[in-house]
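S.K.: The following comprises the amino acid sequence and a computationally predicted model.
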Amino acid sequence: MSYLTDSTWQDWLKDIIDVGIVSYIIYKLILLVRGTRAVQLLKGIFVLVATWAISTWFNLYTLKWLMNQMFTWGIITVVIIFQPELRRALEQLGRGNLFSRTSSLERNALSEQLEEVIRAVQHMSKRKIGALIVFERKTGVTELIESGIPMESRITSELLMNIFTPNSPLHDGAVIIRGNQIMAAGCYLPLSENPFISKELGTRHRAAIGVSEVSDALSVTVSEETGQVSLSINGMIVRDINEESLISKLFEELTTNTNGKDKEKRGFAALWKRKGE
């Protein structure tokens with residue numbers, strides 16, 4: 001109680017700033033590891049901490065000794081396990097991006113990348129080459145990336161067209177894009193079980209809808225039967241979308257933070273209605 005009575009408003013202000021800065025750093029660190037294997041490792045660490053707390057509370061000497069030994073070497077273990085994430089954090093800190101207001105790509109860079117994607121999509125649409133391209137957003141889809149062939153390549157229209165060339169080893173799966181990289185190709189996606197989906201849609205379109213149901217990812221699909229381009233988001237699909245609308249919607253969704261799923265669904269429903277689906 002002496003702290004509360006003896007503290008001045010300056011002390012209170014310093015404490016608030018201190019707690020705010022630490023909270024913001026923790027929040028950014030959580031964003032940094034989200035969607036990576038580090039999330040599962042963090043869960044394991046929390047289990048160990050909980051076990052240590054229980055052993056201390058109930059005076060379980062053997063278990064407590066074991067936990068203390070693990071924590072003695074824990075710092076070195078954490079550095080080894082989280083080496084990729086720590087390196088990425090230091091790189092972003094050096095570029096001044098770690099504490100930026102948004103983790104979205106620079107608008108100019110995103111425009112160039114979308115230009116490459118759209119060029120590939122239009123090429124495949126004219127030639128009726130089936131394709132499925134997924135854009136990861138806030139919800140990590142690392143487990144889906146791991147189901148395919150890792151690439152971590154620069155986004156180019158030539159690479160996308162080669163991946164989906166018929167009879168190539170990777171043309172049947174999905175390409176997943178994270179940020180400015182093609183993370184993997186030939187990925188397996190969950191199929192939608194929505195009974196109201198048109199019977200005309202095949203496995204590729206159901207996979208595009210399915211991944212948009214389990215995450216906030218965007219999916220662009222090219223039909224190999226008709227050459228039509230479709231866009232899937234939040235479990236809905238717009239079929240035969242034109243190039244202008246596709247570019248506009250992709251750029252809008254990948255550069256802005258929406259205010260909840262309801263806003264996304266309303267905006268997408270309007271686009272759906274305009275398309276007459």
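M.R.: Alright, I've got the coordinates.
S.K.: buried ones in stretch 225-238?
M.R.: G227, V229, S230, L231, S232, I233, N234, G235, M236, I237, V238 (16 or more other C-beta atoms under 10 Å). Placement of C-beta: from N, CA and C, glycine included.
S.K.: The fourth one: what secondary structure?
M.R.: Assigned with DSSP: H, G, I helix; E, B strand; the rest coil, L231 falls in the strand class.
S.K.: picking that back up, got a markdown table for the buried residues of stretch 225-238, with distance to K14 and pLDDT too?
M.R.: As requested, these are exported to a markdown table (distance: C-beta to C-beta, whole Å; pLDDT from 0 to 100):
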| residue | distance to K14 | pLDDT |
| --- | --- | --- |
| G227 | 63 | 93 |
| V229 | 56 | 96 |
| S230 | 55 | 95 |
| L231 | 50 | 95 |
| S232 | 50 | 94 |
| I233 | 45 | 91 |
| N234 | 44 | 88 |
| G235 | 48 | 88 |
| M236 | 49 | 90 |
| I237 | 53 | 92 |
| V238 | 52 | 92 |
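S.K.: Looking at these, spot the one nearest V134.
M.R.: S232 (9.1 Å; C-beta to C-beta).
S.K.: how close does the closest one get to S219?
M.R.: Distance, S232 to S219, by C-beta to C-beta, to the nearest Å: 4 Å.
S.K.: The helix or strand where F71 lies - what's its average pLDDT?
M.R.: Applying DSSP states H and E as the criterion places F71 in helix 61-72. Averaged across helix 61-72, the pLDDT comes to 83.
S.K.: Buried residues of that helix, list them for me.
M.R.: Buried residues in helix 61-72, counting neighbours by 16+ other C-beta under 10 Å, are found at K64, M67.
S.K.: who does that helix touch, helix- and strand-wise?
M.R.: Contacts defined by 3 or more C-beta pairs under 8 Å, 6 or more residues apart in numbering; DSSP states H and E place helix 61-72 against helix 38-57.
S.K.: circling back: so which of the buried residues of stretch 225-238 comes closest to K199?
M.R.: Checking these against K199 with C-beta to C-beta, the nearest one is I237 at 13.7 Å.
S.K.: doesn't the closest one fall inside a strand?
M.R.: Yes - counting by three-state DSSP, I237 is located in a strand.
S.K.: Isn't it up against L231?
M.R.: Yes - between I237 and L231 a contact is recorded at 7.0 Å, counting by C-beta atoms under 8 Å.
S.K.: shared neighbours, these two?
M.R.: The contact sets of I237 and L231 overlap at T221 (C-beta atoms under 8 Å, 6 or more residues apart in numbering).
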